[in-house]
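**Student:** fold the following for me, if possible:
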Amino acid sequence: MIVDVKSIRQLAARLAGVGVLTLAAVAPARATLGAIEASVLGDQTQINATLRTVYSQKYTMHELQVPSGATVREYVGPTGVVFAVAWRGPTMPDLRQLLGPQFDQYVAAMAARRNMRGPVSIRLPGLVVQSSGRMRAFTGKAYVPEGLPQGVSADDLQ
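**Tutor:** Take a look at the predicted model:
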């Protein structure tokens with residue numbers, strides 16, 4: 001059997017390229033609204049949190065507890081997609097991470113508010129954000145209204 005060294009090098013270069021693309025595609029995902037459930041583990045690792053999972057018939061709730069005392073809850077519907085996030089703690093969470101692609105929409109809505117003080121209540125197509133608090137006592141939630149599973153209301157998200 002005759003082996004062409006040039007062909008082997010070309011094949012190795014192609015496989016290396018595919019490997020780099022594969023690694024880029026599996027970079028740690030962050031659980032955001034609309035992301036898949038598996039991305040919750042990326043959040044747990046990134047923020048060094050403990051994870052508690054609660055299963056119900058209507059959704060799965062992943063609760064991330066960070067050493068600072070903050071809690072982030074990520075709600076996943078039967079389709080395996082994060083439909084809501086809620087937070088409580090001494091600091092605000094990284095909303096860019098939690099809201100994902102909807103973050104820019106949120107920022108624009110915040111800029112358009114007349115009163116910059118007080119609780120936040122933003123209702124946009126495909127996104128609702130409610131947040132309030134004072135130093136060391138912040139709470140809030142964000143959800144996709146169309147993503148709420150049947151029988152789940154916004155009041156169920158805490």
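**Student:** what comes up buried for stretch 125-132?
**Tutor:** The neighbour-count check on stretch 125-132 (16 or more other C-beta atoms under 10 Å) flags 127-131 as buried. All C-beta atoms are positioned from the backbone trio N, CA, C, and that covers glycine.
**Student:** can you tell me the closest non-neighbouring residue to the residue nearest the centre of the chain?
**Tutor:** Compute the mean C-alpha point of the chain, and by C-alpha atoms, centre = their mean the closest residue is T32, 1.8 Å away. In space, and not counting its chain neighbours, T32 is closest to G100: 2.9 Å by C-beta to C-beta, 6 or more residues apart in numbering.
**Student:** the residue nearest to the centre of the chain: what's it in contact with?
**Tutor:** Contact analysis of T32 by C-beta atoms under 8 Å, 6 or more residues apart in numbering lists 39, 82, 85, 97-101.
**Student:** rerun at 10 Å
**Tutor:** 39, 43, 74, 82, 85, 95-103, 142 (C-beta atoms under 10 Å, 6 or more residues apart in numbering).
**Student:** could you turn the buried ones of these into a ChimeraX selection?
**Tutor:** Filtering the contacts of T32 down to the buried ones (16+ other C-beta under 10 Å) takes a single ChimeraX command:
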select :39,43,74,82,85,95,97,98,99,100,102,103,142
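**Student:** any idea which of the contacts of T32 is the one closest to T60?
**Tutor:** Ranked by distance to T60 (C-beta to C-beta), the contacts of T32 are led by E74 at 8.9 Å.
**Student:** backbone dihedrals for the closest one, please?
**Tutor:** Taking degrees, to the nearest 10, you get phi -120, psi 120 for the backbone angles of E74.
**Student:** how far away is the closest residue to L148 other than its chain neighbours from R73?
**Tutor:** Counting by C-beta to C-beta, 6+ apart, F83 is the residue found nearest to L148 once chain neighbours are left out, at 6.1 Å. Look at F83 and R73: by C-beta to C-beta, to the nearest Å, they are 12 Å apart.
**Student:** neighbouring strands - and their directions - for the helix or strand that contains T53?
**Tutor:** Taking DSSP states H and E as the criterion, T53 maps to strand 50-55. Strand 50-55 pairs in its sheet with strand 60-65 (antiparallel), by DSSP bridges.
**Student:** circling back: quick one, which of F83 and R73 is more surrounded?
**Tutor:** Legend: neighbour count by other C-beta atoms under 10 Å for F83 and R73, higher for F83 (22 against 19).
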